[in-house]
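Peer 1: Attaching a predicted model along with its sequence, questions to come.
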Amino acid sequence: MAASARRAVLTPAEFDQFRHVTETYREDLVVALAGRVGLRPAEIARLRLADLQQYRRDGRPHYLLTVREDDEGETRTAYVPRDVAHDLQKFGNSHDDDPADPVFGVSARRIQMLVSAVSDRTTTDRLQSVSSRELRQSFAYRLLVDQGVDPRIVQAVGGWSSLDRLAAFLDRPTEDDILEACTAAEDRLRGGGSRRHRLTNGDGTSSRTSLDGASSSARTAPDRAFTRRTDELVTCIEELGERLDDAATRSEVVTAACAALATCFDGVWFCGENGDLRESAGGRTVSSTTVRNTLEGTDVLDVLADGDETVVVDEVADDHRSSDERLCVVAVRSSDALHGYLCVADRTFDAPSRRVLADVGRRVGRTLVAVERKQLLLADTGVELTLQTTARESVLVDASSRLDCRFELEGAVPMSGGSLLHFVTVSDASVGDVLEFVDDTEQVTDARLIRDYGSEALLEFVVSGTALVPTMVETGGSVRTLTVEDGTAHVTGVFSGHADVRGIVEQFTATFSDAQLLSKREIEEPVQTTARVERVVDEELTEKQRAVLRAAFLSGYFEWPRGSTAEELAASMDISSPTLHNHLRKAQQKVLAAVFADASER
């Protein structure tokens, strides 16, 4: 591949990181259409919901898009991944647009500016110059190299004028590549080859064609081997997506992941955060004992805990093993939270397989969080856990011990970059002493006084790194109360009734070693009125609208006299004042509509 083309290609991890910086559904959808469907800005601007068509193949829904290449009526057909198609449909339906009208209603230049805005928002140097063209180039590279799609198909779905335009994305085969592909082809031929049937050409002659429809003269045996493995991986991912869609509990998510991967790999095991085996599927050439011994006898879990996504173990811990299988251990993560590991056994793990497994780990992690949050929102009952810790790693515990004061959390708001905006009431200490203390810590990057009531004061902290609230959130809980007094913190979180209490405590103690579970009790959720408003806040507000509304409430913006002005709140959240007002107005409208709609029904 040419050096310039290589620099322009985002890795799957970089593309995911770029998408995570998007702040609106529209931005995320535009990035997905460019980077996963291969659309140009002008084509995105012309896109209509009516252009998306569903087809069924092998009992599964698939989506094709009629792409309007210009204003003169020239079109092509592109393939749309199922999740992108669903996002497109939800976006169009949520705006009540006519299916024949453009979905976005903006110019191609505006589409380019949206991508540029996302790029400017990133903190990674590599991603700060990403353009819509670079997203398309990454789309081409992923299909050609990672998934082994026929270049003619890539040319057709992406609208490139010739195959020469795609040549820059293809590496020249190495000697190892040639040997591996050709010897694999010879092995298959000695084993009987693949079934074929004859098709009659227009001139009456016949040509041998494989079952997938590609002419044997156009596709070599190595091509077919690579495509066959790619098809297996694609089917596996589709199977996983369907199973995860139906999963309603943590146990069902884990079972679905193992069962889907077992269709493509020899054996699959799911392990908890400490490496304990909890679920398995597939073949048993490698035993559960072997997997456990391998995890205990290597530093693979430490490597994954430090941020790696996959680790392949060539030598598994079983002296009596007769098979030649290897083990790939995959971190199951959502954002920075680690939920466990998938251990996958197979004879070889090529680059596409490892990328697929890394993506599976991220998808399963996000699904675990989504399932637990949904259960917490909709269930009639939940589990309330209260934990205690005196660990000085918490800045609030340390400050309480040194200043002999008391803290009580009023609420917290997530911010970009992983920080949390804390609103804390402090008593039994001067505001100046508290602000001076936290200013000298690494965890608090910014702090200010919101209101001084004399005997106590409301403070705002921007907290990052090790802290009690984000640890509770990462375990899938909703923080209900947090009090810190005499150097001891008591934090209470609400979890779904299906939550893994042991796993939650283990994850909490991994951060705060002396943490203890003080109480566990079942609670009833609020009545429907509150549930409806919570559902609006959770499902209809964008992440930015939700954060701004919560920060405004906690900072006293709605009180009289106001505890914070819009300018102060915008500065704390590192956004402009007009942006804050925009998000705040839209959030208020949605929440109030839910409240008054419920009142009118009653």
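Peer 2: Perfect, I can see it now.

Peer 1: all helices for the stretch 251-400 of the chain, in order.
Peer 2: Under the criterion DSSP state H, counting those that start in this stretch, the stretch 251-400 of the chain contains helices at 288-297, 300-305, 351-378, 395-403.

Peer 1: ok, now the stretch 101-250 of the chain?
Peer 2: Taking DSSP H, counting those that start in this stretch, the helices of the stretch 101-250 of the chain run over residues 108-121, 132-141, 151-158, 175-190, 221-246, 250-261.

Peer 1: Redo those helices as CSV? Include mean neighbour count, distance to Val30 and mean pLDDT.
Peer 2: Heads up, the C-betas are built off the backbone N, CA and C, glycines and all. Putting these into CSV (neighbours: other C-beta atoms under 10 Å; distance: least, C-beta to C-beta, whole Å; pLDDT from 0 to 100) gives the following:
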stretch, mean neighbour count, distance to Val30, mean pLDDT
helix 108-121, 17, 5, 85
helix 132-141, 22, 8, 87
helix 151-158, 17, 17, 86
helix 175-190, 12, 36, 69
helix 221-246, 17, 22, 70
helix 250-261, 22, 29, 86
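
Peer 1: Quickly find the element holding Leu421.
Peer 2: Under the criterion DSSP states H and E, the helix or strand holding Leu421 is strand 420-427.

Peer 1: who does that strand pair up with?
Peer 2: Take DSSP bridges as the rule and strand 420-427 pairs in its sheet with strand 406-414 (antiparallel), strand 456-463 (antiparallel).

Peer 1: and those, which is most packed in?
Peer 2: Highest mean neighbour count of those: strand 456-463, a mean of 22 (counted as mean count of other C-beta atoms under 10 Å).

Peer 1: how far is the helix or strand that comes right after that strand from where the chain is centred?
Peer 2: Counting by DSSP H and E, the element after strand 456-463 in chain order, helix or strand, is helix 468-474. Using C-alpha atoms, centre = their mean, to the nearest Å, the distance from the centre of helix 468-474 to the centre of the chain it belongs to is 18 Å.

Peer 1: quick check: domain ranges of this protein?
Peer 2: Residue ranges for the domains of the chain, per automatic domain parsing: 3-169, 175-219, 230-378, 380-524, 526-602.

Peer 1: what's the spacing between the longest one and its chain's center?
Peer 2: The gap between the average C-alpha position of domain 3-169 and the chain average comes to 18 Å, counting by C-alpha atoms, centre = their mean.

Peer 1: Least reliable of the domains of the chain by average pLDDT, please.
Peer 2: Considering these one by one, the lowest average pLDDT is found for domain 175-219, at a mean of 48.

Peer 1: on that earlier part again, export the helices of the stretch 101-250 of the chain to a markdown table and tack on distance to Arg165?
Peer 2: Listed next are those as a markdown table, based on distance: least, C-beta to C-beta, whole Å:
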| stretch | distance to Arg165 |
| --- | --- |
| helix 108-121 | 20 |
| helix 132-141 | 9 |
| helix 151-158 | 8 |
| helix 175-190 | 23 |
| helix 221-246 | 20 |
| helix 250-261 | 36 |
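
Peer 1: Quick one: closest of the ones you listed to Thr481.
Peer 2: For the helices of the stretch 101-250 of the chain, the distance to Thr481 is smallest for helix 250-261, at 24.3 Å, taking C-beta to C-beta.

Peer 1: for the closest one, packing partners?
Peer 2: Counting contacts by 3 or more C-beta pairs under 8 Å, 6 or more residues apart in numbering; DSSP states H and E, helix 250-261 is packed against helix 221-246, strand 267-271, strand 277-282, strand 337-346, helix 351-378.

Peer 1: Contacts only, for the nearest residue to Ser576 once chain neighbours are set aside.
Peer 2: Excluding the flanking residues, the one nearest Ser576 by C-beta to C-beta, 6 or more residues apart in numbering is Ala570, at 6.2 Å. Counting by C-beta atoms under 8 Å, 6 or more residues apart in numbering, Ala570 makes contact with Ser576, Ser577, Thr579, Leu580.

Peer 1: Check the burial of the third one by counting its neighbours.
Peer 2: When you say that, I think you mean Thr579. Thr579 has 14 neighbours, counted by other C-beta atoms under 10 Å.

Peer 1: All good on my end, thank you.
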